[in-house]
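# Return a 3D structure for these sequence lines:
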Amino acid sequence: MTPSVDDHMTEIYYFVDEFLKQHPLLAHWRHSPHAQPQFSDGEVLTLALLQGVFEVATLKQTYRLVAHNWRAAFPHLPSYKQWLHRVHALLPHVSGLLATTATHPSTAARLYLVDSKPIPLCHSIRHGRVRLLRDEGAYFGKTTKGWFFGFKLHLLRHIDGRVLNIIFTPGNCDDREPVPALVQPLNGGVLLGDLGYRGPDCATRVAEEAELLLITRDQAPAHKFVLSQVRQQIETTFSQLWRQFVDRVFSRSWHGLWNTLQLKVLYYNLVHAGIVSA
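Residues are numbered from 1 along each chain as shown. You can find the predicted model right below:
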């Protein structure tokens, strides 16, 4: 039986509410001495995570769908601007929620995948005049599909599918630069990367930082097919994130962009962990 939207709301709200109860200090982010608002932080984040359930391109579409069809579930729903302001004010909460899902059992296989994808901030037709988020690091980069303007999302994935870490860099950043920081939470194992991660310097830094053996396709030509089959799993992860429009987050601030991307990865992890029904 396919779970309903109400089922998804309940699952997401329970997870978020339990997290907030276990971290009461996060409730002190407000500077106002007034009582808690009628529309709780748990409801704010639950509504934001419903974007993954609805598979719509923007948070605004998510808000409108809830306001028009599930208003009874959110009787104290504020205006869209008020809600969006609170979503982005809860960035530390979103980061904390993501961290709780970005783990794997210590007994699990120590096999990891690393890759990056562009996060364009505009369509290519606007490249000649784009200035959006330049002060925050947005820049031109190039992929096999051509030029883009924006950032790169670097992703570390466990072989079982869980996203363990993400890092955001300018579009022209070499894929090898953020790898040591990306693998910092790990302690030993094997890391598979594409040809963008080849080179002795990257392998040495990864080994020193997390005792990982970095393997790229050119290092094991005899096993090229097997490595390609394994690495295809991270492409599947990106495809699932693309279904959540992770490449079309046209935020006008770095803060909003980063928070929205974390929400999308968080929803992916919740589904993969079985916390939210697929």
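
# Distance of the residue lying closest to residue 161 once chain neighbours are set aside relative to residue 198?
Leaving aside its sequence neighbours, residue 161 sits nearest to residue 272 (CB to CB, 6 or more residues apart in numbering; 4.9 Å). C-beta here means a position set from N, CA and C on the backbone, and glycine is covered the same way. When distances are taken as CB to CB, to the nearest Å, residue 272 and residue 198 turn out to be 29 Å apart.

# And residue 176, by the same measure?
Taking CB to CB as the measure, residue 176 falls 8 Å from residue 198.

# Residue 205 now?
13 Å.

# What of residue 59?
In this structure, residue 59 lies at 38 Å from residue 198, with CB to CB as the measure.

# more neighbours, those two?
Counted by other CB atoms under 10 Å, residue 59 and residue 198 do not tie: residue 59 has more neighbours, with 23 against 18.

# right, and that one touches residue 84 too?
Yes. At 6.4 Å, residue 59 and residue 84 qualify as touching, with contact defined as CB atoms under 8 Å.

# From the contact counts, what lies against the longest strand belonging to the chain?
Criterion DSSP state E: the longest strand present in the chain is strand 146-158. Using 3 or more CB pairs under 8 Å, 6 or more residues apart in numbering; DSSP states H and E as the contact definition, the elements that strand 146-158 packs against are strand 111-120, strand 139-143, strand 163-170, helix 179-182, helix 224-242, helix 254-272.

# Report the angle between it and helix 224-242.
On the basis of axes from the mean of the first three to the mean of the last three CA atoms, to 10 degrees, strand 146-158 is oriented at 100 degrees to helix 224-242.

# Let me see the mean pLDDT of strand 146-158.
On average, the pLDDT along strand 146-158 is 90.

# ok, and for that strand, which residues are buried?
Within strand 146-158, the residues that count as buried by 16 or more other CB atoms under 10 Å are 148-158.

# Only alpha carbons, please: show it as PDB.
As requested, the backbone C-alpha atoms of strand 146-158 are provided in PDB (Å, rounded to 0.1, in the frame of the first residue of the first chain):
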ATOM      1  CA  GLY A 146      29.800  22.400 -20.900                       C
ATOM      2  CA  TRP A 147      30.200  25.600 -18.900                       C
ATOM      3  CA  PHE A 148      28.100  26.500 -15.800                       C
ATOM      4  CA  PHE A 149      28.100  29.400 -13.300                       C
ATOM      5  CA  GLY A 150      27.700  28.500  -9.700                       C
ATOM      6  CA  PHE A 151      29.100  26.000  -7.200                       C
ATOM      7  CA  LYS A 152      30.000  22.400  -6.900                       C
ATOM      8  CA  LEU A 153      28.400  19.900  -4.500                       C
ATOM      9  CA  HIS A 154      31.000  17.300  -3.400                       C
ATOM     10  CA  LEU A 155      29.500  14.200  -1.900                       C
ATOM     11  CA  LEU A 156      30.800  11.200   0.100                       C
ATOM     12  CA  ARG A 157      28.600   8.100   0.000                       C
ATOM     13  CA  HIS A 158      28.800   4.800   1.800                       C
END
